[in-house]
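Trainee: just coords:
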């Protein structure tokens with residue numbers, strides 16, 4: 001269940017869906033926070049935050065489209081304190097490879113620098129994913145009416 005690509009995952013849309021340089025990206029993010037639909041100001045991380053957030057669902061359609069909405073969630077995250085672990089879940093936009101995969105990269109490269117990946121945690125998530133899919137499907141099926149659909153070939 002791992003995507004055994006290069007050890008550093010390169011940005012695939014930097015410079016297209018978001019700025020490609022650190023200075024431009026910092027300004028783009030700051031503009032999302034300051035936008036009239038955003039929180040209005042850049043947040044500061046509260047080191048004594050209560051650490052009550054367990055998840056953050058954030059849009060990712062490009063800062064020009066969803067940046068101000070996403071900024072509200074990240075402002076709440078900053079007020080809650082720095083999380084110990086961040087797990088990023090995202091869609092497979094290209095439809096290539098496995099339907100569910102865990103990156104095999106040891107770091108993700110961004111215009112702001114490289115972000116290290118907890119490779120051990122990634123491996124544990126990959127090992128647990130098959131069992132988790134089965135458990136989720138069992139719960140789903142037990143709570144829903146089901147039917148069978150057959151396709152002609």
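Mentor: Received it, and whenever you're ready, just let me know what you need. These figures come from a predicted structure and were not determined experimentally. Numbers count the residues shown, from 1 in each chain.
Trainee: any low-confidence regions in the chain?
Mentor: Where the chain drops to pLDDT under 70, the residues are 1-6, 129-153.
Trainee: Find the centremost residue of it, please.
Mentor: The centroid of the chain falls nearest to residue 88 when counting by CA atoms, centre = their mean (3.2 Å).
Trainee: Mind checking what secondary structure it has?
Mentor: coil (DSSP: H, G, I helix; E, B strand; the rest coil).
Trainee: Relative to residue 16, how far out is it?
Mentor: 19 Å (CB to CB, to the nearest Å). Just so you know, the C-beta spots here come from the backbone N, C-alpha and C atoms, and that holds for glycine as well.
Trainee: Also residue 102?
Mentor: Distance, residue 102 to residue 16, by CB to CB: 25 Å.
Trainee: Quick check on residue 17: phi, psi?
Mentor: The phi/psi pair for residue 17 (degrees, to the nearest 10) reads phi -90, psi -10.
Trainee: returning to what we had before: which one of residue 102 and residue 16 has more residues nearby?
Mentor: residue 102 (20 against 10; other CB atoms under 10 Å).
Trainee: Next, count neighbours for the residue lying closest to that one once chain neighbours are set aside.
Mentor: Excluding the flanking residues, the one nearest residue 102 by CB to CB, 6 or more residues apart in numbering is residue 126, at 4.1 Å. Residues contacting residue 126 under the criterion other CB under 10 Å number 17.
Trainee: For residue 126, what is the enclosing helix or strand?
Mentor: Assigned by DSSP states H and E, residue 126 falls within helix 119-143.
Trainee: before we move on, what about residue 27?
Mentor: helix 22-34.
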